[in-house]
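1. Fold the following and give me the result.
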Amino acid sequence: MKALLLKDKGTWRDMLVEEFEKPVPAADEILVKVKAAGLNPVDYKTGENGSPAWSYPHILGLDAAGVIEETGSEVTEVKNGDRVVFLADMARKGAFAEYIVTKAHTVSVLPEEVSFTDAAALPVAAYTAYQALFFKLHIQKEKSILIHAGAGGVGGFAIQLAKYAGLTVITTASEENHAYVKQLGADFAIDYKKEDFVEKTKEYTNGLGVNYVLDTVGRENATKSLETLAFNGHIAFIAGQPEMNESISFAHPVSFHHVALGSVYQSGNPDEEKSLKTIGDHLVELLIKGEIKSLVNQVISLEEVPEGLEELETRKVKGKIVAEIN
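-> Residues are numbered from 1 along each chain as shown. Okay, the predicted model is just below:
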């Protein structure tokens, strides 16, 4: 099969499409012919640092959509010919290839009205936003939330999901992206380059602060975000935990939630792995109903993935980049 090969850690910019051995599914797995694969910051970050679980050459790519070509002897949930979308296991060979294997109980079946390209934009970004909002923060209607980096993948899906759930949504984004994030459902947009997001959030909430924060930026930003939280507020963080010890106060209790979706495969718990299908099923349903958009902003070829990852590294990409694999 054709695959985009990472020859060693730190060489992701130099990846080329070459021949590689086609994988074989285990008894509880399926072989999927990949039709589209989404790009994410985690791809270039892990491509730079590598992983002890990998053998080289490695194949990156966690967002996958395609058609089942072969099923293992124990698989009953799906069948050959089913169109599916899923989050790939970071420890294994990924989706930037013609074929990939995955556990059958993690995939969501795609109806014909959902394109592979739109579906491939979902797993890392939308699944993570979903896990953060509904499994960690347990968001409630008519509450308020601050979502950082609203023009990005996780942030863009989080805005849509929070609005779908009936929340008042505040987000940070550069000024040129304010119209975009408001189109997604944000009620207020803060230019993080020119404005203090703590002051603006307090202003938009009449000094009370927000009930929830989703931080996708990093440790320093997450720590500052604690100042925006209302009494009994909750913060979910993805890119680095806030300074917790100095922030824990009897006078202003808050709750901390660590979001690390990809580690579900290392949990050893099949029920946790099956939650990926639960999330995927609901997101596909919301996509069909028009409650969320796929955020696909750019479609590229498999050969162009390294350039696409370099674009992501600039942190200026709006929405999602997806590679269509022929």
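2. Where do the helices of the stretch 51-200 of the chain begin and end?
-> 116-120, 123-130, 153-164, 178-184, 197-204 (DSSP state H, counting those that start in this stretch).
3. Any idea which of these gets closest to residue 292?
-> Closest of the helices of the stretch 51-200 of the chain to residue 292 is helix 153-164, at 4.3 Å (criterion: CB to CB). The C-beta positions use only the backbone N, C-alpha and C, and glycine is treated the same way.
4. rewinding a little: okay if I get the helices of the stretch 51-200 of the chain as TSV plus mean pLDDT?
-> As requested, the helices of the stretch 51-200 of the chain are exported to TSV (pLDDT from 0 to 100):
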stretch	mean pLDDT
helix 116-120	98
helix 123-130	98
helix 153-164	98
helix 178-184	98
helix 197-204	98
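5. could I get those helices as CSV with mean neighbour count?
-> Conversion of those to CSV gives the following (neighbours: other CB atoms under 10 Å):
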stretch, mean neighbour count
helix 116-120, 24
helix 123-130, 28
helix 153-164, 26
helix 178-184, 18
helix 197-204, 18
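6. Next, format these as TSV and append distance to residue 287.
-> What follows is the helices of the stretch 51-200 of the chain, written out as TSV (distance: least, CB to CB, whole Å):
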stretch	distance to residue 287
helix 116-120	7
helix 123-130	9
helix 153-164	10
helix 178-184	14
helix 197-204	29
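7. Would you mind saying which of the ones you listed lies nearest residue 274?
-> Between residue 274 and the helices of the stretch 51-200 of the chain, the shortest gap by CB to CB is with helix 123-130, which sits at 13.1 Å.
8. Just the residues contacting that closest one, thanks.
-> Helix 123-130 is touched from outside by 38, 40, 42, 62-64, 85-88, 152-158, 161, 214, 238, 259, 261-262, 276, 279-280, 282-283, 292, 295, 320, with contacts defined as CB atoms under 8 Å, 6 or more residues apart in numbering.
9. Same check on stretch 313-323?
-> Residues beyond stretch 313-323 that count as contacts (CB under 8 Å, 6+ apart) turn out to be 36-39, 41, 44, 63, 96, 117, 120-121, 125, 151-153, 156, 177, 180, 294-302, 304-305, 308, 311-312.
10. Can you get me the start-to-end distance on that stretch?
-> Counting by CA to CA, to the nearest Å, you get 16 Å between the two ends of stretch 313-323.
11. Kindly state the domain boundaries assigned to this protein.
-> Each structural domain of the chain that the record assigns through the TED database is listed here as a residue range: 2-123+270-324, 141-259.
12. Reformat those domains as JSON lines; add distance to residue 134.
-> Conversion of the domains of the chain to JSON lines gives the following (distance: least, CB to CB, whole Å):
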{"stretch": "domain 2-123+270-324", "distance to residue 134": "8"}
{"stretch": "domain 141-259", "distance to residue 134": "8"}
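13. out of those domains, which comes closest to residue 135?
-> Between residue 135 and the domains of the chain, the shortest gap by CB to CB is with domain 2-123+270-324, which sits at 7.6 Å.
14. Could you check how far the closest one is from the centre of its chain?
-> 11 Å (CA atoms, centre = their mean, to the nearest Å).
15. cool, stretch 161-174 as well?
-> With CA atoms, centre = their mean as the basis, the mean position of stretch 161-174 lies at 16 Å from the chain mean.
16. Put the alpha carbons of that stretch into CSV.
-> Once non-C-alpha atoms are left out, stretch 161-174 reads as follows in CSV (Å, rounded to 0.1, in the frame of the first residue of the first chain):
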residue,chain,number,x,y,z
LEU,A,161,-21.6,22.1,20.7
ALA,A,162,-21.9,24.6,23.6
LYS,A,163,-24.4,26.7,21.6
TYR,A,164,-26.3,23.5,20.7
ALA,A,165,-26.5,22.8,24.4
GLY,A,166,-28.0,26.3,25.1
LEU,A,167,-25.0,28.1,26.7
THR,A,168,-23.8,31.7,26.4
VAL,A,169,-20.5,31.4,24.6
ILE,A,170,-17.5,33.7,24.9
THR,A,171,-14.4,32.9,22.9
THR,A,172,-10.9,34.2,22.2
ALA,A,173,-9.8,34.7,18.6
SER,A,174,-7.8,37.2,16.6
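17. measure the closest residue in space to residue 118 that isn't next to it in sequence to residue 200 for me?
-> In space, and not counting its chain neighbours, residue 118 is closest to residue 294: 3.8 Å by CB to CB, 6 or more residues apart in numbering. Distance check for residue 294 against residue 200: by CB to CB, to the nearest Å, it reads 29 Å.
18. cool, and residue 129?
-> Relative to residue 200, residue 129 is positioned 22 Å away (CB to CB).
19. Next, the buried residues of stretch 103-112.
-> Along stretch 103-112, these residues count as buried under the neighbour rule (16 or more other CB atoms under 10 Å): 103-110.
20. Using a markdown table, lay out those together with distance to residue 196 and pLDDT.
-> Converted to a markdown table, these look like this (distance: CB to CB, whole Å; pLDDT from 0 to 100):
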| residue | distance to residue 196 | pLDDT |
| --- | --- | --- |
| 103 | 45 | 97 |
| 104 | 49 | 97 |
| 105 | 46 | 97 |
| 106 | 42 | 97 |
| 107 | 44 | 98 |
| 108 | 41 | 98 |
| 109 | 46 | 98 |
| 110 | 43 | 98 |
